[in-house]
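[1] Next input, structure requested:
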Amino acid sequence: MVLGWRTIAVVLACAALAMLPAVSSQTPPPPGQPQLYKVGGSHMWKDNATFNYTTWASGKHFHKGDWLIFYFDKTMCNVLEVNKTCYDSCDSDHFIQNITHGGRDVVQLNQTKTYYFISHSWQCANGMKVAIHVEKPPPPPTTSPKKSSSPPTLLSTFRGHIVLPALFTIAAVWDSFLLLV
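    Okay, the predicted model is just below:
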């Protein structure tokens, strides 16, 4: 068992190779499917005068049916839906809905309108507010007749049926070889 680390290395390498097709094939949901947006991205929903939530939202198209998720420290912040007047004046006393539940709160955008979210008044004054303009869902993509394409390659057809089992077979043979040495 002195050479056991090599076996582990081979098995881990094979597992990594097996996962490559799954990782590389991840794509965003097709158009027309609801999207999930993490408010603030990696910055999340927190009081920081240097982060601009308006800029974050401006690069996105929100559609009816999409979801927002707010990640935040519930002992420090909250999420309040307000009207435009309260949004502009950072008035957290007259909210439409308090969305704060546990610090990982989800809101479905179920109306075509502009949603206004703020935190406490003083945090809103520091820029902790976001307006989300929700549009109608895009029309479903039109389907066109598929053009005949070249036949799939042998590798693409049998990747999961031949290549991966072959890798694991090689690993098993290697393991047996190491045990004999």
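[2] contacting residues around the residue nearest to residue 96 when sequence neighbours are not counted?
    Closest residue to residue 96 apart from its sequence neighbours, by CB to CB, 6 or more residues apart in numbering: residue 81 at 4.6 Å. C-beta here means a position set from N, CA and C on the backbone, and glycine is covered the same way. Neighbour list for residue 81: 95, 96, 97, 99, 107, 115, 116, 117 [criterion: CB atoms under 8 Å, 6 or more residues apart in numbering].
[3] nearest to residue 132, of the residues you listed?
    Proximity of these to residue 132, judged by CB to CB, is greatest for residue 115, which lies at 4.5 Å.
[4] And residue 105, how far from residue 114?
    Note on residue 105: its distance to residue 114, by CB to CB, to the nearest Å, is 19 Å.
[5] between the two, which one's more packed in?
    residue 105 (19 against 13; other CB atoms under 10 Å).
[6] could you point out where this structure is predicted with low confidence?
    For the chain, applying pLDDT under 70 flags the ranges 1-32, 144-181.
[7] got the residue ranges for the strands in it?
    36-38, 62-63, 67-71, 80-82, 97-98, 104-108, 114-118, 129-135 (DSSP state E).
[8] closest one to residue 50 among these?
    strand 129-135 (14.6 Å).
[9] which secondary structure elements does the closest one contact?
    helix 53-58, strand 62-63, strand 114-118 (3 or more CB pairs under 8 Å, 6 or more residues apart in numbering; DSSP states H and E).
[10] Can you name the residues in contact with it?
    So strand 129-135 is in contact with 39, 53-54, 56-57, 61-64, 66, 68, 87, 90, 109, 111-119, going by CB under 8 Å, 6+ apart.
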